[in-house]
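S.K.: Sequence first, predicted model second:
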Amino acid sequence: MELKYEKKNIYAEASEEEMQAIFAYAEGYKAFINQAKTERDAVKASVALAKSHGYTEYKIGDPLHIGDKKYLVNRNKNVFFIRMGSEDVAENGVRILAAHIDSPRLDLKQVPLYEKNDLAFFKTHYYGGIRKYQWTALPLALHGVAIKADGTSVEITVGEDESDPVFYVSDLLPHLGAKQNQKTLAEGIEAEQLNIWVGGIPVKNKEKNPVKANVLRILHEKYGICEEDLISAELTMVPALKARDVGFDRAQIAAYGHDDKVCAYPEITAMFDTPSEHTVIGVLADKEEIGSEGATGMQSALLNDILEEIAAARKANVRKMRYNSMCLSADVSAAYDPNFPEVFEENNSAMLSCGSALCKFTGSRGKSGSNDAVAEFVGYIRNLFNANGARWQMAELGKVDAGGGGTVAKFIAKLNIDTIDFGVPVVSMHAPYEVVSKADLYSAYKAFCAFCK
Ligand code: MN
Ligand code: MN
(Lines give C-alpha, C1' and ligand atoms only; values in the text may rest on other atoms or scores of the structure.)
(Ligands and ions follow the chains in the order given, each with its own letter.)
Protein backbone atom coordinates (compact mmCIF):
# COMPACT_ATOMS: atom_id res chain seq x y z
CA MET A 1 0.00 0.00 0.00
CA GLU A 2 1.30 3.41 -1.05
CA LEU A 3 1.30 5.78 1.93
CA LYS A 4 1.29 9.01 -0.05
CA TYR A 5 -0.96 10.14 -2.92
CA GLU A 6 0.99 11.57 -5.81
CA LYS A 7 -0.04 12.52 -9.33
CA LYS A 8 1.99 10.60 -11.87
CA ASN A 9 2.63 11.46 -15.50
CA ILE A 10 1.23 8.63 -17.60
CA TYR A 11 3.77 9.14 -20.37
CA ALA A 12 6.60 8.76 -17.82
CA GLU A 13 5.23 5.43 -16.61
CA ALA A 14 3.63 3.87 -19.68
CA SER A 15 5.01 0.71 -21.25
CA GLU A 16 5.79 0.64 -24.98
CA GLU A 17 2.54 -1.26 -25.51
CA GLU A 18 0.53 1.30 -23.56
CA MET A 19 2.12 4.15 -25.51
CA GLN A 20 1.02 2.50 -28.74
CA ALA A 21 -2.51 2.04 -27.42
CA ILE A 22 -2.65 5.71 -26.34
CA PHE A 23 -1.55 6.99 -29.76
CA ALA A 24 -3.75 4.57 -31.73
CA TYR A 25 -6.84 5.51 -29.71
CA ALA A 26 -6.19 9.22 -30.38
CA GLU A 27 -6.45 8.64 -34.14
CA GLY A 28 -10.00 7.31 -33.79
CA TYR A 29 -10.91 10.29 -31.65
CA LYS A 30 -9.49 12.82 -34.12
CA ALA A 31 -11.56 11.26 -36.92
CA PHE A 32 -14.66 11.43 -34.70
CA ILE A 33 -14.28 15.03 -33.56
CA ASN A 34 -13.66 16.25 -37.11
CA GLN A 35 -17.15 14.94 -37.92
CA ALA A 36 -18.80 16.05 -34.69
CA LYS A 37 -18.46 19.82 -34.43
CA THR A 38 -22.11 20.49 -33.55
CA GLU A 39 -24.52 18.37 -31.51
CA ARG A 40 -26.38 17.45 -34.71
CA ASP A 41 -23.11 16.31 -36.31
CA ALA A 42 -22.14 14.43 -33.12
CA VAL A 43 -25.48 12.59 -33.01
CA LYS A 44 -24.91 11.38 -36.57
CA ALA A 45 -21.29 10.35 -36.00
CA SER A 46 -22.07 8.49 -32.76
CA VAL A 47 -25.15 6.72 -34.20
CA ALA A 48 -23.03 5.56 -37.15
CA LEU A 49 -20.50 4.16 -34.67
CA ALA A 50 -23.29 2.49 -32.67
CA LYS A 51 -24.79 0.89 -35.77
CA SER A 52 -21.40 -0.61 -36.61
CA HIS A 53 -21.56 -2.25 -33.17
CA GLY A 54 -25.00 -3.73 -33.77
CA TYR A 55 -27.17 -1.05 -32.15
CA THR A 56 -30.64 -0.52 -33.62
CA GLU A 57 -33.15 2.29 -33.31
CA TYR A 58 -35.43 2.53 -30.29
CA LYS A 59 -38.40 4.79 -29.64
CA ILE A 60 -40.07 5.39 -26.29
CA GLY A 61 -42.76 2.73 -25.86
CA ASP A 62 -40.95 0.06 -27.88
CA PRO A 63 -40.37 -3.26 -26.05
CA LEU A 64 -36.94 -3.82 -24.44
CA HIS A 65 -35.38 -7.24 -23.82
CA ILE A 66 -32.22 -8.55 -22.16
CA GLY A 67 -29.39 -8.37 -24.67
CA ASP A 68 -30.88 -5.44 -26.64
CA LYS A 69 -28.51 -2.76 -27.89
CA LYS A 70 -30.51 0.35 -28.78
CA TYR A 71 -30.13 4.02 -29.61
CA LEU A 72 -32.74 6.72 -29.17
CA VAL A 73 -32.25 9.94 -31.14
CA ASN A 74 -34.02 12.90 -29.56
CA ARG A 75 -34.87 15.67 -32.04
CA ASN A 76 -31.57 15.14 -33.90
CA LYS A 77 -29.66 16.90 -31.08
CA ASN A 78 -29.35 14.41 -28.24
CA VAL A 79 -28.89 10.65 -28.22
CA PHE A 80 -29.20 7.82 -25.69
CA PHE A 81 -27.54 4.42 -26.06
CA ILE A 82 -29.11 1.59 -24.10
CA ARG A 83 -27.60 -1.82 -23.42
CA MET A 84 -29.97 -4.19 -21.63
CA GLY A 85 -27.97 -6.39 -19.27
CA SER A 86 -29.02 -9.60 -17.61
CA GLU A 87 -28.53 -8.68 -13.96
CA ASP A 88 -31.33 -7.63 -11.61
CA VAL A 89 -31.85 -3.90 -12.27
CA ALA A 90 -33.74 -3.25 -9.04
CA GLU A 91 -30.98 -4.74 -6.87
CA ASN A 92 -28.01 -3.52 -8.92
CA GLY A 93 -29.40 -0.46 -10.67
CA VAL A 94 -28.19 0.71 -14.06
CA ARG A 95 -24.90 2.37 -14.96
CA ILE A 96 -25.20 5.74 -16.62
CA LEU A 97 -22.49 7.57 -18.54
CA ALA A 98 -23.38 11.14 -19.46
CA ALA A 99 -21.43 13.58 -21.59
CA HIS A 100 -22.55 16.56 -23.67
CA ILE A 101 -22.06 17.17 -27.37
CA ASP A 102 -22.82 20.87 -27.72
CA SER A 103 -19.90 23.31 -27.68
CA PRO A 104 -19.59 27.11 -27.50
CA ARG A 105 -19.93 28.77 -30.91
CA LEU A 106 -21.48 31.64 -32.86
CA ASP A 107 -25.13 30.92 -33.73
CA LEU A 108 -26.75 32.98 -36.49
CA LYS A 109 -29.57 35.25 -35.38
CA GLN A 110 -32.94 34.33 -36.89
CA VAL A 111 -32.85 37.39 -39.19
CA PRO A 112 -29.13 37.28 -39.86
CA LEU A 113 -28.41 38.71 -43.31
CA TYR A 114 -27.71 42.41 -43.89
CA GLU A 115 -25.63 44.62 -46.12
CA LYS A 116 -23.35 47.50 -45.22
CA ASN A 117 -20.97 49.43 -47.48
CA ASP A 118 -21.21 46.90 -50.31
CA LEU A 119 -20.48 43.96 -47.97
CA ALA A 120 -22.91 41.30 -46.73
CA PHE A 121 -22.85 39.96 -43.17
CA PHE A 122 -24.62 37.50 -40.87
CA LYS A 123 -25.50 38.77 -37.40
CA THR A 124 -24.66 36.24 -34.67
CA HIS A 125 -25.79 35.48 -31.15
CA TYR A 126 -23.09 33.55 -29.34
CA TYR A 127 -23.94 30.22 -27.70
CA GLY A 128 -22.32 29.26 -24.40
CA GLY A 129 -19.54 30.97 -22.50
CA ILE A 130 -17.10 32.41 -25.00
CA ARG A 131 -14.31 34.94 -24.64
CA LYS A 132 -15.47 37.08 -27.56
CA TYR A 133 -12.05 38.42 -28.56
CA GLN A 134 -10.92 34.85 -29.36
CA TRP A 135 -13.46 34.47 -32.17
CA THR A 136 -12.12 37.12 -34.55
CA ALA A 137 -9.68 36.71 -37.44
CA LEU A 138 -9.92 32.94 -37.79
CA PRO A 139 -11.52 30.72 -40.45
CA LEU A 140 -15.11 29.73 -39.66
CA ALA A 141 -17.37 27.05 -41.13
CA LEU A 142 -21.16 27.14 -41.36
CA HIS A 143 -23.04 24.08 -40.02
CA GLY A 144 -26.73 23.48 -39.58
CA VAL A 145 -30.16 22.97 -40.95
CA ALA A 146 -32.94 25.13 -42.39
CA ILE A 147 -36.61 24.14 -42.45
CA LYS A 148 -38.31 25.33 -45.63
CA ALA A 149 -41.86 26.59 -46.14
CA ASP A 150 -42.97 23.14 -47.32
CA GLY A 151 -41.68 21.56 -44.09
CA THR A 152 -38.69 19.82 -45.66
CA SER A 153 -35.27 20.41 -44.21
CA VAL A 154 -32.00 21.15 -45.90
CA GLU A 155 -28.62 20.56 -44.31
CA ILE A 156 -25.91 23.10 -44.86
CA THR A 157 -22.18 22.63 -44.29
CA VAL A 158 -19.77 25.13 -45.81
CA GLY A 159 -16.12 25.54 -44.91
CA GLU A 160 -15.00 22.01 -44.03
CA ASP A 161 -13.93 20.88 -47.47
CA GLU A 162 -10.56 22.26 -48.65
CA SER A 163 -12.29 23.64 -51.77
CA ASP A 164 -15.03 25.41 -49.74
CA PRO A 165 -14.93 29.09 -48.86
CA VAL A 166 -14.70 29.94 -45.14
CA PHE A 167 -16.29 32.75 -43.12
CA TYR A 168 -14.71 35.44 -41.00
CA VAL A 169 -15.11 37.94 -38.17
CA SER A 170 -12.83 40.97 -38.43
CA ASP A 171 -10.73 42.67 -35.77
CA LEU A 172 -8.85 45.97 -35.76
CA LEU A 173 -5.33 46.33 -37.05
CA PRO A 174 -2.80 47.21 -34.30
CA HIS A 175 -2.02 50.47 -36.12
CA LEU A 176 -5.54 51.74 -35.34
CA GLY A 177 -6.06 49.75 -32.15
CA ALA A 178 -4.88 52.35 -29.62
CA LYS A 179 -8.33 52.96 -28.15
CA GLN A 180 -9.42 49.31 -28.30
CA ASN A 181 -6.20 48.38 -26.48
CA GLN A 182 -7.37 50.43 -23.48
CA LYS A 183 -10.49 48.27 -23.08
CA THR A 184 -10.66 45.15 -20.92
CA LEU A 185 -10.56 41.73 -22.61
CA ALA A 186 -14.28 41.35 -21.88
CA GLU A 187 -15.10 44.63 -23.66
CA GLY A 188 -12.53 44.59 -26.49
CA ILE A 189 -14.92 42.82 -28.86
CA GLU A 190 -18.64 43.18 -28.25
CA ALA A 191 -21.35 40.68 -29.20
CA GLU A 192 -22.79 42.96 -31.89
CA GLN A 193 -19.34 43.15 -33.51
CA LEU A 194 -19.26 39.37 -34.03
CA ASN A 195 -20.60 39.80 -37.56
CA ILE A 196 -19.73 37.22 -40.17
CA TRP A 197 -18.35 38.24 -43.56
CA VAL A 198 -20.46 36.39 -46.14
CA GLY A 199 -20.33 38.34 -49.40
CA GLY A 200 -18.84 41.16 -51.42
CA ILE A 201 -20.12 40.93 -55.01
CA PRO A 202 -23.24 42.96 -55.94
CA VAL A 203 -25.79 41.80 -58.49
CA LYS A 204 -25.73 44.13 -61.51
CA ASN A 205 -28.33 46.86 -62.04
CA LYS A 206 -29.92 46.64 -58.63
CA GLU A 207 -30.06 49.71 -56.46
CA LYS A 208 -30.88 48.52 -52.94
CA ASN A 209 -28.66 45.98 -51.11
CA PRO A 210 -27.24 44.33 -54.24
CA VAL A 211 -24.63 42.27 -52.33
CA LYS A 212 -27.27 40.83 -49.99
CA ALA A 213 -29.39 40.09 -53.08
CA ASN A 214 -26.49 38.15 -54.56
CA VAL A 215 -25.99 36.11 -51.36
CA LEU A 216 -29.72 35.28 -51.34
CA ARG A 217 -29.46 34.26 -55.01
CA ILE A 218 -26.58 31.87 -54.17
CA LEU A 219 -28.43 30.42 -51.13
CA HIS A 220 -31.49 29.80 -53.27
CA GLU A 221 -29.47 28.27 -56.07
CA LYS A 222 -27.49 25.91 -53.80
CA TYR A 223 -30.04 25.04 -51.10
CA GLY A 224 -33.42 26.13 -52.47
CA ILE A 225 -33.98 28.45 -49.51
CA CYS A 226 -35.19 32.04 -49.25
CA GLU A 227 -34.62 34.60 -46.51
CA GLU A 228 -37.67 33.58 -44.47
CA ASP A 229 -36.36 29.98 -44.32
CA LEU A 230 -33.45 31.29 -42.22
CA ILE A 231 -35.98 32.06 -39.48
CA SER A 232 -36.77 28.36 -39.03
CA ALA A 233 -33.12 27.37 -39.10
CA GLU A 234 -30.34 26.40 -36.73
CA LEU A 235 -27.22 27.68 -38.39
CA THR A 236 -24.00 28.09 -36.52
CA MET A 237 -20.43 29.20 -37.14
CA VAL A 238 -17.70 26.95 -35.79
CA PRO A 239 -13.94 27.11 -36.35
CA ALA A 240 -12.99 25.68 -39.76
CA LEU A 241 -10.10 23.85 -38.09
CA LYS A 242 -9.30 20.16 -38.05
CA ALA A 243 -7.91 18.25 -35.09
CA ARG A 244 -4.08 18.30 -35.13
CA ASP A 245 -1.34 16.84 -32.97
CA VAL A 246 0.52 19.36 -30.81
CA GLY A 247 4.25 19.41 -30.07
CA PHE A 248 7.30 17.67 -31.54
CA ASP A 249 6.40 14.54 -29.55
CA ARG A 250 2.68 14.75 -30.47
CA ALA A 251 1.71 14.43 -26.78
CA GLN A 252 -1.46 16.51 -27.19
CA ILE A 253 -4.31 17.14 -29.60
CA ALA A 254 -5.69 20.55 -30.53
CA ALA A 255 -9.27 20.69 -31.80
CA TYR A 256 -12.47 22.68 -31.67
CA GLY A 257 -15.05 21.30 -29.23
CA HIS A 258 -13.01 18.95 -27.04
CA ASP A 259 -15.51 20.17 -24.42
CA ASP A 260 -17.19 17.75 -24.36
CA LYS A 261 -16.61 15.43 -27.32
CA VAL A 262 -13.37 14.36 -25.63
CA CYS A 263 -15.57 12.66 -23.02
CA ALA A 264 -18.40 11.68 -25.40
CA TYR A 265 -16.09 9.62 -27.61
CA PRO A 266 -14.46 7.50 -24.85
CA GLU A 267 -17.89 7.15 -23.21
CA ILE A 268 -19.51 5.52 -26.23
CA THR A 269 -16.48 3.54 -27.42
CA ALA A 270 -16.02 2.09 -23.90
CA MET A 271 -19.72 1.22 -23.75
CA PHE A 272 -19.63 -0.42 -27.19
CA ASP A 273 -16.35 -2.28 -26.47
CA THR A 274 -17.21 -3.64 -23.00
CA PRO A 275 -19.92 -6.28 -22.81
CA SER A 276 -21.17 -7.15 -19.33
CA GLU A 277 -24.22 -8.22 -17.39
CA HIS A 278 -24.92 -4.60 -16.32
CA THR A 279 -27.59 -2.49 -17.93
CA VAL A 280 -25.78 0.57 -19.26
CA ILE A 281 -27.12 3.88 -20.56
CA GLY A 282 -24.86 6.28 -22.47
CA VAL A 283 -26.25 9.80 -22.74
CA LEU A 284 -24.93 12.43 -25.13
CA ALA A 285 -26.75 15.57 -24.07
CA ASP A 286 -27.39 18.86 -25.82
CA LYS A 287 -27.57 22.37 -24.30
CA GLU A 288 -25.11 21.76 -21.44
CA GLU A 289 -23.35 24.99 -22.36
CA ILE A 290 -26.55 27.00 -21.77
CA GLY A 291 -27.71 25.33 -18.56
CA SER A 292 -28.98 21.93 -19.79
CA GLU A 293 -32.36 23.47 -20.56
CA GLY A 294 -34.94 22.37 -23.11
CA ALA A 295 -36.24 19.03 -24.30
CA THR A 296 -32.79 17.96 -25.55
CA GLY A 297 -30.88 19.06 -22.44
CA MET A 298 -30.10 16.98 -19.35
CA GLN A 299 -33.00 18.59 -17.42
CA SER A 300 -35.47 17.01 -19.84
CA ALA A 301 -37.59 14.16 -18.44
CA LEU A 302 -36.39 11.82 -21.18
CA LEU A 303 -33.66 10.08 -19.16
CA ASN A 304 -36.18 9.35 -16.44
CA ASP A 305 -38.66 8.11 -19.05
CA ILE A 306 -36.04 5.68 -20.36
CA LEU A 307 -35.32 4.49 -16.81
CA GLU A 308 -39.05 3.85 -16.36
CA GLU A 309 -39.21 1.93 -19.65
CA ILE A 310 -36.25 -0.23 -18.57
CA ALA A 311 -37.79 -0.91 -15.16
CA ALA A 312 -41.14 -1.78 -16.76
CA ALA A 313 -39.46 -4.11 -19.26
CA ARG A 314 -37.69 -5.89 -16.41
CA LYS A 315 -40.73 -5.75 -14.06
CA ALA A 316 -38.58 -3.92 -11.53
CA ASN A 317 -39.45 -1.21 -9.00
CA VAL A 318 -38.14 1.93 -10.73
CA ARG A 319 -37.59 3.80 -7.46
CA LYS A 320 -35.44 1.01 -6.10
CA MET A 321 -33.63 0.80 -9.45
CA ARG A 322 -32.79 4.52 -9.41
CA TYR A 323 -31.60 4.35 -5.81
CA ASN A 324 -29.17 1.55 -6.74
CA SER A 325 -28.00 3.17 -9.99
CA MET A 326 -24.83 5.16 -10.47
CA CYS A 327 -23.57 7.72 -12.93
CA LEU A 328 -20.30 9.08 -14.21
CA SER A 329 -21.02 12.62 -15.35
CA ALA A 330 -18.35 12.87 -17.99
CA ASP A 331 -17.30 16.44 -18.65
CA VAL A 332 -13.97 18.14 -19.10
CA SER A 333 -12.08 19.79 -16.27
CA ALA A 334 -9.57 22.61 -16.49
CA ALA A 335 -5.98 21.46 -16.97
CA TYR A 336 -3.36 23.23 -14.91
CA ASP A 337 -1.64 25.75 -17.18
CA PRO A 338 1.91 26.83 -16.19
CA ASN A 339 1.30 30.07 -18.11
CA PHE A 340 -1.46 31.03 -15.69
CA PRO A 341 -0.48 29.51 -12.32
CA GLU A 342 -2.26 32.32 -10.43
CA VAL A 343 -5.74 30.82 -10.98
CA PHE A 344 -4.82 27.25 -9.98
CA GLU A 345 -4.06 25.56 -6.67
CA GLU A 346 -1.51 22.95 -7.63
CA ASN A 347 -2.38 20.13 -5.24
CA ASN A 348 -6.01 20.13 -6.35
CA SER A 349 -5.64 20.87 -10.07
CA ALA A 350 -5.77 18.46 -12.99
CA MET A 351 -2.20 18.13 -14.24
CA LEU A 352 -1.89 17.40 -17.95
CA SER A 353 -1.19 13.72 -18.80
CA CYS A 354 -1.74 12.58 -15.20
CA GLY A 355 -5.07 10.96 -16.04
CA SER A 356 -8.65 12.06 -16.34
CA ALA A 357 -9.95 13.97 -13.37
CA LEU A 358 -12.46 12.91 -10.76
CA CYS A 359 -14.20 15.95 -9.27
CA LYS A 360 -16.08 15.33 -6.05
CA PHE A 361 -17.80 18.66 -6.55
CA THR A 362 -17.97 21.48 -9.10
CA GLY A 363 -19.83 24.76 -8.56
CA SER A 364 -18.79 28.25 -7.54
CA ARG A 365 -17.70 29.93 -4.31
CA GLY A 366 -18.94 27.74 -1.41
CA LYS A 367 -19.67 24.82 -3.80
CA SER A 368 -22.86 26.60 -4.92
CA GLY A 369 -24.62 24.72 -7.72
CA SER A 370 -22.61 21.57 -7.06
CA ASN A 371 -23.64 17.94 -6.90
CA ASP A 372 -20.88 17.01 -4.40
CA ALA A 373 -20.73 13.20 -4.58
CA VAL A 374 -20.88 11.37 -1.24
CA ALA A 375 -17.54 10.08 0.06
CA GLU A 376 -18.77 6.47 -0.08
CA PHE A 377 -19.37 6.78 -3.84
CA VAL A 378 -16.04 8.56 -4.40
CA GLY A 379 -14.41 5.65 -2.59
CA TYR A 380 -16.25 3.08 -4.69
CA ILE A 381 -15.25 4.74 -7.99
CA ARG A 382 -11.62 5.30 -6.91
CA ASN A 383 -11.24 1.62 -6.03
CA LEU A 384 -13.02 0.53 -9.23
CA PHE A 385 -10.60 2.57 -11.37
CA ASN A 386 -7.56 1.35 -9.41
CA ALA A 387 -8.64 -2.28 -9.64
CA ASN A 388 -8.97 -1.99 -13.43
CA GLY A 389 -5.76 -0.09 -14.19
CA ALA A 390 -7.53 3.12 -15.17
CA ARG A 391 -5.30 6.08 -14.38
CA TRP A 392 -7.04 9.06 -12.79
CA GLN A 393 -6.38 12.06 -10.60
CA MET A 394 -8.44 14.13 -8.17
CA ALA A 395 -9.04 17.74 -9.12
CA GLU A 396 -11.22 20.78 -8.90
CA LEU A 397 -11.48 23.55 -11.47
CA GLY A 398 -9.17 26.19 -10.01
CA LYS A 399 -8.66 28.42 -7.00
CA VAL A 400 -11.82 28.69 -4.91
CA ASP A 401 -12.45 32.39 -5.54
CA ALA A 402 -11.15 32.40 -9.14
CA GLY A 403 -14.51 31.48 -10.64
CA GLY A 404 -16.28 28.17 -11.08
CA GLY A 405 -18.54 26.08 -13.22
CA GLY A 406 -20.86 23.13 -13.28
CA THR A 407 -22.28 20.54 -15.59
CA VAL A 408 -24.99 17.88 -15.90
CA ALA A 409 -24.10 15.89 -12.75
CA LYS A 410 -26.59 17.68 -10.51
CA PHE A 411 -29.54 16.96 -12.79
CA ILE A 412 -28.88 13.21 -12.78
CA ALA A 413 -28.14 13.18 -9.05
CA LYS A 414 -31.57 14.78 -8.52
CA LEU A 415 -33.15 11.55 -9.77
CA ASN A 416 -31.70 9.94 -6.63
CA ILE A 417 -28.72 8.46 -8.46
CA ASP A 418 -25.16 8.52 -7.10
CA THR A 419 -23.26 10.75 -9.54
CA ILE A 420 -19.70 11.99 -9.76
CA ASP A 421 -17.95 14.28 -12.22
CA PHE A 422 -15.14 12.73 -14.19
CA GLY A 423 -13.48 13.99 -17.35
CA VAL A 424 -10.51 14.80 -19.50
CA PRO A 425 -8.52 17.92 -18.49
CA VAL A 426 -8.58 20.65 -21.18
CA VAL A 427 -6.27 23.60 -21.83
CA SER A 428 -7.91 26.85 -23.06
CA MET A 429 -11.42 25.50 -22.45
CA HIS A 430 -14.10 27.17 -24.63
CA ALA A 431 -11.50 28.72 -26.95
CA PRO A 432 -11.96 28.05 -30.69
CA TYR A 433 -9.04 25.60 -30.50
CA GLU A 434 -8.62 23.65 -27.25
CA VAL A 435 -5.89 21.20 -26.20
CA VAL A 436 -6.03 17.82 -24.45
CA SER A 437 -3.45 15.13 -23.71
CA LYS A 438 -3.70 11.84 -25.60
CA ALA A 439 -2.74 10.03 -22.38
CA ASP A 440 -5.67 11.59 -20.50
CA LEU A 441 -8.07 10.77 -23.34
CA TYR A 442 -7.03 7.12 -23.20
CA SER A 443 -7.28 7.08 -19.41
CA ALA A 444 -10.91 8.22 -19.73
CA TYR A 445 -11.60 5.33 -22.10
CA LYS A 446 -10.05 2.85 -19.66
CA ALA A 447 -12.05 4.31 -16.78
CA PHE A 448 -15.35 4.11 -18.69
CA CYS A 449 -14.51 0.50 -19.64
CA ALA A 450 -14.03 -0.26 -15.93
CA PHE A 451 -17.38 1.37 -15.16
CA CYS A 452 -19.23 -0.63 -17.85
CA LYS A 453 -17.52 -3.94 -17.04
MN1 MN B 1 -18.47 20.70 -20.69
MN1 MN C 1 -18.21 23.89 -21.45
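M.R.: All right, it came through fine. Ligands and ions are numbered 1, 2, ... in the order given.

S.K.: and Ile147, what does it touch?
M.R.: For Ile147, the contact set (CB atoms under 8 Å, 6 or more residues apart in numbering) comprises 153, 229, 232-233. Backbone N, C-alpha and C define where each C-beta goes, glycine included.

S.K.: Same list, those residues, but as TSV with pLDDT and neighbour count please.
M.R.: Converted to TSV, the contacts of Ile147 look like this (pLDDT from 0 to 100; neighbours: other CB atoms under 10 Å):
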residue	pLDDT	neighbour count
Ser153	97	14
Asp229	98	19
Ser232	98	15
Ala233	98	21
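
S.K.: Among the residues you listed, which one sits closest to Asn324?
M.R.: Ser153 (41.4 Å; CB to CB).

S.K.: Quick check: which of the contacts of Ile147 are also close to ligand 1?
M.R.: For ligand 1, no contacts are drawn from these by CB under 5 Å from the ion.

S.K.: most distant residue from the middle of the chain?
M.R.: Asn205 (46.9 Å; CA atoms, centre = their mean).

S.K.: Distance of it relative to ligand 1?
M.R.: Asn205 sits 51 Å away from ligand 1, taking CB to the ion, to the nearest Å as the criterion.

S.K.: again with Cys449
M.R.: Distance from Cys449 to ligand 1, by CB to the ion: 21 Å.

S.K.: need the contact list for that residue.
M.R.: Contacts of Cys449 by CB under 8 Å, 6+ apart are 270, 273-274, 388, 390.

S.K.: so it is in which element?
M.R.: Using DSSP states H and E, Cys449 maps to helix 438-452.

S.K.: can you put the contacts of Ile147 in a markdown table and add secondary structure and distance to Asn34?
M.R.: Putting these into a markdown table (DSSP: H, G, I helix; E, B strand; the rest coil; distance: CB to CB, whole Å) gives the following:
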| residue | secondary structure | distance to Asn34 |
| --- | --- | --- |
| Ser153 | strand | 23 |
| Asp229 | helix | 28 |
| Ser232 | coil | 28 |
| Ala233 | strand | 23 |
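
S.K.: what about burial for the contacts of Cys449, which qualify?
M.R.: 270, 274, 390 (16 or more other CB atoms under 10 Å).

S.K.: Where helices are concerned, which of those count?
M.R.: Ala270 (DSSP state H).

S.K.: What sits closest to the residue most central in space within the chain if chain neighbours are left out?
M.R.: Among the residues of the chain, the one closest to the centroid is Asp260, at 2.6 Å (CA atoms, centre = their mean). Counting by CB to CB, 6 or more residues apart in numbering, the nearest residue to Asp260 once its immediate chain neighbours are dropped is His100, at 4.6 Å.

S.K.: Likewise for Ile101?
M.R.: Closest residue to Ile101 apart from its sequence neighbours, by CB to CB, 6+ apart: Ala42 at 3.7 Å.

S.K.: my guess is the one you found is in a strand, correct?
M.R.: No: Ala42 is assigned helix when assessed by DSSP: H, G, I helix; E, B strand; the rest coil, not a strand.

S.K.: check contacts around Tyr445.
M.R.: 25, 266, 269-270.

S.K.: of those residues, closest to ligand 1?
M.R.: Nearest to ligand 1, judged by CB to the ion, of these is Pro266 at 14.1 Å.

S.K.: mean confidence for stretch 426-434?
M.R.: Mean pLDDT, stretch 426-434: 98.

S.K.: What is the neighbour count of the residue in the stretch 301-450 of the chain positioned nearest to ligand 1?
M.R.: Nearest residue of the stretch 301-450 of the chain to ligand 1: Asp331, at 4.1 Å (CB to the ion). As a burial measure, Asp331 scores 28 neighbours (other CB atoms under 10 Å).

S.K.: Distance check, the nearest residue to it once chain neighbours are set aside against Thr296.
M.R.: Spatial nearest neighbour of Asp331, excluding adjacent residues (CB to CB, 6+ apart): Thr407 at 4.1 Å. Separation of Thr407 from Thr296 (CB to CB, to the nearest Å): 16 Å.

S.K.: who has more neighbours, the two?
M.R.: Between Thr407 and Thr296, counted using other CB under 10 Å, Thr407 has the larger neighbour count: 28 against 21.

S.K.: Now do the same contact list for the residue lying closest to Ser46 once chain neighbours are set aside.
M.R.: Closest residue in space to Ser46, ignoring its immediate chain neighbours: Ile268 at 5.4 Å, by CB to CB, 6+ apart. Residues counted as contacts of Ile268 (CB under 8 Å, 6+ apart) are 46, 49-50, 81, 282, 284.

S.K.: what pLDDT, on average, does whichever strand or helix holds Ile268 get?
M.R.: Using DSSP H and E, the element containing Ile268 is helix 258-273. What helix 258-273 shows for mean pLDDT is 98.

S.K.: got the buried residues for that helix?
M.R.: 258-272.

S.K.: ok so, going back, now, which of the contacts of Cys449 sits nearest Cys359?
M.R.: For those, the nearest to Cys359 is Ala390 (15.7 Å; CB to CB).

S.K.: ok, that closest one - contacts?
M.R.: Counting by CB under 8 Å, 6+ apart, Ala390 touches 355, 443, 446-447, 449-450.

S.K.: Check whether the helix holding Ile268 comes into contact with ligand 1.
M.R.: Yes: using CB under 5 Å from the ion, helix 258-273 reaches ligand 1 at 259-260.

S.K.: Okay, angle between that helix and helix 438-452 too, please.
M.R.: Orientation check (axes from the mean of the first three to the mean of the last three CA atoms, to 10 degrees): helix 258-273 against helix 438-452 gives 40 degrees.

S.K.: from the middle of its chain, how far away would the helix or strand following helix 258-273 be?
M.R.: With elements assigned by DSSP H and E, the helix or strand that comes after helix 258-273 is strand 280-285. Relative to the chain's own centre, strand 280-285 is displaced by 13 Å; criterion: CA atoms, centre = their mean, to the nearest Å.

S.K.: Many thanks, I have nothing further to ask.
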